[in-house]
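K.L.:
Coordinates only, no sequence provided:
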Ligand code: NAP
């Protein structure tokens, strides 16, 4: 089992869905957890309780991770209350289901800022500390859409493809400093973003949507592995075979 005792993890967008499962999964391996959320404080508290019930320390922090001032305050709060961030999971994201024709410049900016700029901002904020300690794990949540084109929208697909490029860019620059940078690219995981519906089940060769704990398992593997860097793990129930 992956041993993360003594490590401090920050999971962005951990108030629900995939982020909550990752937070709880990393706590199960011994990490203390900073739970970031944007709007749903009550949901974030549920995640925090699930972490604490496993004997780990946990704080919740409200911050819009697409705004640099809020990111700066968030990292300062984590360092003050828990300690420096060893494991960063850039999970926060939004999906706007829009056609080519309906996508405006404002939509583009909103999705790219929330999904891609946020990864840059939070990573930049934790990197100096990781470099000083010569240890870090940065795990980004991409999407199968980055490779297939996806069904959400142009902006969503571009943001996730950007995340995969950013993952490789950081990984190649940090590989000698004890810091790995990787990504997990799920497709059709049952959450508020992607409700479990018959039509969606039919899209997956396995015959069902993925579970949030299956994404958490891949994140835990990457948090514990020093040799995997610059890589993207796809979780898609066989959708590559379509
Ligand atoms: P979800 O249930 O909609 O949850 C999204 C989470 O992100 C919430 O905790 C939300 O916080 C947070 N969030 C959104 N914008 C934020 C911001 N600007 N700052 C801070 N937090 C923010 O989504 P999910 O399905 O768990 O998805 C999680 C990640 O996996 C996303 O990056 C998504 O693109 C990716 N993904 C999901 C699927 C899927 O099939 N579900 C597939 C591929 C990739 P509040 O609730 O507090 O507002």
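P.N.:
Sure thing, it's come through. Keep in mind that what you see is a predicted model, and the values were worked out from it rather than measured.
K.L.:
Is residue 43 in contact with residue 37, as I believe?
P.N.:
Yes: if you go by C-beta atoms under 8 Å, residue 43 and residue 37 touch, sitting 6.8 Å apart. For glycine as for every other residue, the C-beta is placed from the backbone atoms N, C-alpha and C.
K.L.:
what's the overlap in contacts for the two?
P.N.:
Shared contacts of residue 43 and residue 37, defined by C-beta atoms under 8 Å, 6 or more residues apart in numbering, are found at residue 15.
K.L.:
between these two, who's got more neighbours?
P.N.:
Taking other C-beta atoms under 10 Å, residue 43 and residue 37 do not tie; residue 37 has more neighbours (27 against 19).
K.L.:
How about the contacts made by that one?
P.N.:
By C-beta under 8 Å, 6+ apart, residue 37 lies in contact with 13-15, 43-44, 60-62.
K.L.:
and the gap between it and residue 74?
P.N.:
Residue 37 sits 10 Å away from residue 74, taking C-beta to C-beta, to the nearest Å as the criterion.
K.L.:
Now the common contact residues for those two.
P.N.:
residue 61.
K.L.:
ok, back up a step: between the contacts of residue 37, which sits nearest residue 202?
P.N.:
Distance ranking of the contacts of residue 37 against residue 202, using C-beta to C-beta, places residue 13 first at 28.0 Å.
K.L.:
In terms of pLDDT, where does that closest one sit?
P.N.:
With respect to pLDDT, residue 13 scores 98.
K.L.:
list the contacts for the residue nearest to it when sequence neighbours are not counted?
P.N.:
Nearest residue to residue 13 in three dimensions, chain neighbours excluded: residue 92, at 3.1 Å (C-beta to C-beta, 6 or more residues apart in numbering). Residues in contact with residue 92 (C-beta under 8 Å, 6+ apart) are 12-13, 19, 36, 38, 65, 114, 118.
K.L.:
before we move on, the earlier item: intersect the contacts of residue 37 with the contacts of the ligand.
P.N.:
13, 15, 43 (C-beta under 6 Å from any ligand atom).
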